[in-house]
Structure formats: C-alpha cells, structure tokens
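In: Sequence first, predicted model second:
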Amino acid sequence: MIPYGKHHIDEDDIAAVVDVLRSGVLTQGPAVEAFERAIADYVGANHAIAVSSGTAALHLAALAAGVAPGTTLITSPITFVASANAGLYAGGRVVFADIDPETINMSPAALEVALADNPDTKAVVPVHFAGLPCDMPAIKSLADKAGAAVIEDAAHALGATYPDGRRVGCCSHSLMTIFSFHPVKAIAAGEGGMITTNDDAVYRRLLRLRSHGINKLDDPLLLPDQAFTDGVQNPWYYEMQELGFHYRITDIQCALANSQLRKLESFLERRRFLVQRYDSELSGIRNLRPAQQFGRERSGHHLYVLRIDFRALGVSRSSLMNELRTRGIGTQVHYIPVPMQPVYRVADEFRPCYPNASAYYEQALSIPLYYGLSDSEQTFVIEALKDLLK
Ligand SMILES: Cc1ncc(COP(=O)(O)O)c(C=O)c1O
C-alpha cells in the first residue's frame, strides 16, 4: 500500500533513540533542551518550548493568548480539528473565517468581518495549510487593530518561508507559532509539538503551564512564609501558581526529533521534487488541478492536494478513492471543514457562511507525498489517476 503520507526512519534515528535509553535520562533531559534550541535557531525565534503534541501546543498557546470564557478564538474552517479545539479547551468560543479559494488559507477579508462581528476575540489562529504560509502581514495588522494575539498553526509548515525569506516560526508576525511532530509531518518525534515565541513573559508562562502551573526559572514565589526559612529558600519547596497541565515531552522523543531535524533539508528537497513532477505530469488531465498553485516554492509541502471537479467528470470521490485503494494507493481528504463536525455544527448555515471552504471540500483529494515515495511509486500513482480520470 502506498499511503498518502509517511515518516522516514533510518539507522541514525534508531541509534539516537538507543543512546537515550542507555543514558539514564528518559524525560526532560538534555535532548529536550537540545531540540528546543535547535528549533529556535532553525526558525529564528528567541524561545522554543517542546510539548507532548501539536494539540497541547495549541491549547497552551490559546491560554497564553488570553482565551478564556467570554472570549473568542478565530481559525480557518479548513484545518484539523485541533486548531479549533484549543479555543474550546480554554473555555472560549470558536468562530471560523472562510478560506481564500486560491491558497486554501484563512482569507484576510473574511477575518476582517469575523473580527468586526466578534469584538471579544483574543486569538486568531491562521493555519499554513499543506505548508503554504498565510498572508501574515495582513492577518497580523487586522489582529493588532482588534487587540487579538496571533497564533500561527504551522503544524504543516516546518521549513516553509515567508515571502521576505524568513522561516515560519520566527514569529515576526505573531505572538506564538506552533508545530507538530506527528509521524506524518515534516519530521517525526512519535508524538510531539513545539511553541516558538519572542515574548519573554509568554515563554515563562508556557514553561509553567506545560508542567502543572508550577513555578519555573526564577519566578517570584507567591507565599514567602512557606517558601523560606531564615531568608533561604526551602530545598523541597515549589509552588503551583495556576492550574497547568502535564504536557511534557520525553528525551526519547526529542532524541528522535533531533536526529530527524538534521535531515529536514533533504526531506524538503525530495518533497519539492515530487510536487514539481506531479504538477507537470497531471497538468494534462481535465477537471483537475493542484489546490494551491502559487507561492509553493516557499511551502513546506506537507500535502499534495488536488481539486477535482467530480461533478464534471461524472465520478464520485468515494468511488475514485476506493478504486485507488484497490490498486494499492492511499488518498485522504484534508479536511472535513471543522464547522461541519457535530461539535461545531452550524447545520444548514455551513454553505452560505463558508462558500469557499464548502466549494473546496467538495473537490479536495490528497494524493501520496512523502520523502520515501520512490520515482516508480509516484509514476504508478500518476498513471492510475490518468487511467481513472481520462
Ligand atoms: C493543522 C494541524 N494543527 C494541529 C495538529 C495537531 O497536531 P498533533 O497531532 O501533534 O496534536 C495537526 C495534526 O494533524 C494539524 O494538522
């Protein structure tokens, strides 16, 4: 079976994990710190905080942005449910701003309307869909005017760059950026996430929230009577200063992620090559085109998404996916629009509220794209599509 996405593990990765197992430190040791430093340096941010998943990163980022009961978080309807769930976890309301039909990213025009309708918005979460960076200057300036923080969901976009050449994650247009290291992403940690930020106070808060809300670094202690004896801090003493979580990641996961990060450029190069080949080989098929056609030289190329006009072809998406599966080719739909999920469901309002997301959803299909996809496997996928859609 050729899946739509897959991680790539080699002997270096295995050796790195085995080294940690022999080191005597399994969690919150040197590999976690090394991974945080490596990501901060790679993307060009002051701080990076590693956590147990991209979802945990989004949850903590929403809290640090001030999302709470009585406030709103705005995200894109075309994303994985986690981008929206962060708002609910933090006790807020979630509102969606429709996508731009050419980029499949949050449309600044739709965001402007959503912000005007929801003056209690505390966080805007644009998602760099399939690795293509959003229009961050426009989104940041709208969020600034509304007094909302920007949290970039870069789960798909490690290695992507903005038009000015800076890397996604540097937070030049956001308060925080989050990444995911789930196996299907650019690099794998097993499970894992990261938040980057340039804000010292946010960094300190995230460190506390990651570990139960307990004081970290030189945080001032709130209860000096309990904390000190004769002016010296009691050796056992720690303080839970707010309700936090256990979202720590282990040294085992970070050893794998560090080893993978060293290969990121070759992973990205192969993905770029495969994307260009799909573009040229599939360009002759009628009623089919890449969902994102512009700016992809800057993309992290997490997914290769097609837009197929199934109606014009007289073929259902389900029958095409099943036929491809019979031939050993896995495909997927990224994503069912989040407002259509039962938890968020706005029933019949979905289509008129999000016309671009709705039109995109009817046509989307992700085909295999990953570092280990061989030339001959890719040819097999291309030939199958040509055959079934001719
Ligand atoms: C856009 C997006 N955001 C967030 C996440 C959550 O990441 P994780 O699976 O590491 O929790 C994902 C995961 O698929 C994602 O695709």
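Out: Looks like it came in fine.

In: Distance of the residue in the stretch 1-150 of the chain positioned nearest to the ligand relative to M194?
Out: In the stretch 1-150 of the chain, the residue that lies nearest the ligand is G54 (2.5 Å; Cβ to the nearest ligand atom). Every C-beta, even on glycine, is put in place using the N, C-alpha and C of the backbone. Distance, G54 to M194, using Cβ to Cβ, to the nearest Å: 8 Å.

In: Give me the common contacts of those two.
Out: Listed as contacting both G54 and M194 by Cβ atoms under 8 Å, 6 or more residues apart in numbering are I178, F179, F181.

In: List, one by one, the residues from the stretch 51-200 of the chain near the ligand.
Out: Residues of the stretch 51-200 of the chain lying close to the ligand by Cβ under 6 Å from any ligand atom are 53-55, 79-80, 82-83, 127, 153, 155-156, 180, 182, 193.

In: picking that back up, okay if I get the shared contacts of G54 and M194 as JSON lines plus distance to D98 and pLDDT?
Out: Output for the shared contacts of G54 and M194, formatted as JSON lines (distance: Cβ to Cβ, whole Å; pLDDT from 0 to 100):
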{"residue": "I178", "distance to D98": "22", "pLDDT": "98"}
{"residue": "F179", "distance to D98": "25", "pLDDT": "98"}
{"residue": "F181", "distance to D98": "29", "pLDDT": "98"}
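
In: who's in contact with the closest residue to I329 other than its chain neighbours?
Out: In this structure, I329 finds its nearest non-sequential neighbour in I2, 5.2 Å apart by Cβ to Cβ, 6 or more residues apart in numbering. By Cβ under 8 Å, 6+ apart, I2 lies in contact with G328, I329, G330, P368, L373, E377, F380, V381.

In: ok, now with 6 Å
Out: Residues near I2 by Cβ atoms under 6 Å, 6 or more residues apart in numbering: I329, P368, E377.

In: tally of neighbours for the second one?
Out: P368 has 24 neighbouring residues, counting by other Cβ atoms under 10 Å.

In: from what I can see it touches K6, true?
Out: No: with contact defined as Cβ atoms under 6 Å, P368 does not count as touching K6 (8.2 Å).

In: Distance-wise, check the residue nearest the centre of the chain relative to S280.
Out: Centroid check for the chain by Cα atoms, centre = their mean gives A155 as the closest residue, at 1.7 Å. Distance, A155 to S280, by Cβ to Cβ: 28 Å.

In: and the residue nearest to R298 when sequence neighbours are not counted, bridged to which residues?
Out: Take R298 and drop its neighbours on the chain: the residue closest to it by Cβ to Cβ, 6+ apart is T161, 4.8 Å away. Beta-bridge pairing of T161 under DSSP bridges involves R167.

In: And T161, how close does it get to E377?
Out: For T161, the distance to E377 - Cβ to Cβ - is 28 Å.

In: Equivalent analysis for S318, please.
Out: Taking Cβ to Cβ, one finds S318 at 23 Å from E377.

In: for P337, same thing?
Out: 30 Å.

In: show me where the stretch 101-250 of the chain has strands.
Out: 121-125, 149-153, 176-180, 193-197, 228-229, 232-233 (DSSP state E, counting those that start in this stretch).

In: Look at S318 and E377 and report which has more neighbours.
Out: Using other Cβ under 10 Å, the more surrounded residue of S318 and E377 is E377, with 16 against 10.

In: Ignoring the adjacent residues along the chain, who's closest to the more buried one?
Out: Nearest non-adjacent residue to E377, counting by Cβ to Cβ, 6+ apart: I2, 5.3 Å away.

In: pLDDT wise, what is that neighbour at?
Out: I2 is assigned 98 on the pLDDT scale.

In: now swap in Q28 and tell me
Out: Listed pLDDT for Q28 reads 88.

In: What is the burial count for Q233?
Out: Residues near Q233, counting by other Cβ under 10 Å, number 11.

In: Distance check, L274 against E191.
Out: 25 Å.
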